[in-house]
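> Following is a predicted model, sequence given first.
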Amino acid sequence: MQTDASDWIGRYLTHLSSERRLSPHTASNYARDLRALESFCDAHQIGSWTELDSGHVRSFAALEHRAGLGPRSIQRRLSAVRSFARFLIREGVLTNNPAIEIRAPKAPKRLPHTLDPDQIA
C-alpha cells in the first residue's frame with residue numbers, strides 16, 4: 001500500500017487513544033488487526049483504502065479463518081476494520097463502509113460447568 005495508507009492507520013490509532021480514550025491494550029490489538037489488513041492489501045495489490053471493497057474484506061476474513069485464527073479474533077479484526085472505515089468516512093477518504101455487511105464465523109458457545117453432589121454438600 002502507499003505510505004499514505006499507513007499514515008491513516010497512525011491517525012486512527014491516535015484517534016482511538018485521544019478522542020475515544022480506549023485502553024492501550026485495545027488500541028494495540030486494533031493496530032495489529034489493521035496491520036494484518038494492510039499486509040493483505042499489499043499481497044493483493046490494493047494500493048489505497050478507496051480500492052478496498054466488501055469482497056476484499058470477506059476474502060481477508062476467510063484467509064484469516066483458513067490460517068487458523070479463532071472466530072472471536074476474526075470478529076475483533078472485522079470490528080477493527082469497521083471502526084477504521086467509519087473513521088475514514090468521517091475524514092472524507094471513503095464514501096461507504098466495505099466491512100459493514102461482513103460476518104465472522106460463529107464462535108462455539110460454552111456450557112457452564114456443573115457441580116457434582118459432593119461439591120454441593
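Right, received. Where do you want to start? These figures come from a predicted structure and were not determined experimentally. Numbering: from 1, shown residues only.

> Excluding chain neighbours, what is closest to the residue positioned nearest the centre of the chain?
The structure's the chain has its C-alpha centroid closest to Arg77; by C-alpha atoms, centre = their mean the separation is 2.3 Å. The shortest distance from Arg77 to any non-neighbouring residue, by C-beta to C-beta, 6 or more residues apart in numbering, is to Asp33 (4.3 Å). For glycine as for every other residue, the C-beta is placed from the backbone atoms N, C-alpha and C.

> can you give me the helices in the chain?
Assignment of helices within the chain using DSSP state H yields the ranges 3-18, 24-43, 54-66, 71-90, 117-120.

> Quick check: which of these has the most neighbours on average?
Each of the helices of the chain was assessed for mean neighbour count using mean count of other C-beta atoms under 10 Å. The highest is helix 71-90, with a mean of 18.

> ok, back up a step: and of the helices of the chain, who's closest to Pro98?
helix 54-66 (4.7 Å; C-beta to C-beta).

> relative to helix 71-90, how tilted is the closest one?
Per axes from the mean of the first three to the mean of the last three C-alpha atoms, to 10 degrees, the angle that helix 54-66 makes with helix 71-90 is 160 degrees.

> Name the residues that touch helix 54-66?
36-37, 40-41, 44, 46, 71, 73-74, 77-78, 81, 98-102, 104-105 (C-beta atoms under 8 Å, 6 or more residues apart in numbering).

> Tell me what angle that helix forms with helix 24-43.
Relative orientation of helix 54-66 with respect to helix 24-43: 110 degrees, computed using the same axes, to 10 degrees.

> from the chain's centre, how far out does stretch 41-58 sit?
Taking C-alpha atoms, centre = their mean, to the nearest Å, the mean C-alpha location of stretch 41-58 is offset from the chain mean by 14 Å.
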